[in-house]
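Novice: could you look at this predicted model? Sequence included:
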Amino acid sequence: MMLCSVTPTFEAASAADLDLIRATLSASDLPFDDIDEHVGEFILARCEGATIGTVAVQYTGQAALLRSLCVVRDHRGRAIGTQLLAAIETKVARRGVLELYLLTTSAGAFFERLGFSMTSRSDAPPGIRSTAQFLTLCPSTAVCMRKNLSAIPNQPSGAP
């Protein structure tokens, strides 16, 4: 894959993107078994027609579970993951989400740099703990992280 020579665009996914999302997540060893029901919550990073990154959330009241933040290997290290996270944070803040949770086995340092902090899985709200990610898709060794979104502006922006 060639590196993107233009600024990536960020757009909402549709059901037509499911196979592409599955392939992107699979290539990075991320779970994708239940994404069909959440495809409407995905934001895709695209460059010159190619999908180069994904991110999604699963809503549970005033908390949401960040999932599937992934950048295609050849495009890592160019702040695309940071931009995807910013886009999804703006989207969820507009919906009144106050806390964002995630599970990770390998990207804890990345998320700490972006304002997440470690928390106990048992301290996550019941709605978060009842998701497939918590119950079966992510291993019990995955760390739980949390970010308070009260400082994220919830004004409309260019994010999907």
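Specialist: Structure's in. What do you need? Residues are numbered from 1 along each chain as shown.
Novice: can you pull the contacts of the nearest residue to Ala107 once chain neighbours are set aside?
Specialist: What sits nearest to Ala107 in space, not counting adjacent residues and going by Cβ to Cβ, 6 or more residues apart in numbering, is Leu69, at 7.8 Å. In short, each C-beta sits where N, CA and C put it, glycine included. Taking Cβ atoms under 8 Å, 6 or more residues apart in numbering as the criterion, Leu69 is in contact with Gly53, Thr54, Val55, Gly81, Leu84, Leu85, Ile88, Leu102, Ala107.
Novice: dump the strand or helix carrying the third one to PDB, keeping only the CA atoms.
Specialist: Secondary-structure assignment from DSSP states H and E places Val55 in strand 50-60. Provided in PDB are the C-alpha atoms of strand 50-60 (Å, rounded to 0.1, in the frame of the first residue of the first chain):
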ATOM      1  CA  ALA A  50      -8.600   3.600   0.500                       C
ATOM      2  CA  THR A  51      -9.800   3.000   4.100                       C
ATOM      3  CA  ILE A  52      -6.700   3.500   6.300                       C
ATOM      4  CA  GLY A  53      -8.300   3.600   9.800                       C
ATOM      5  CA  THR A  54     -11.400   2.900  11.800                       C
ATOM      6  CA  VAL A  55     -12.900   3.800  15.100                       C
ATOM      7  CA  ALA A  56     -16.300   3.100  16.700                       C
ATOM      8  CA  VAL A  57     -18.200   3.400  19.900                       C
ATOM      9  CA  GLN A  58     -20.900   1.500  21.700                       C
ATOM     10  CA  TYR A  59     -23.300   3.700  23.700                       C
ATOM     11  CA  THR A  60     -24.500   2.800  27.200                       C
END
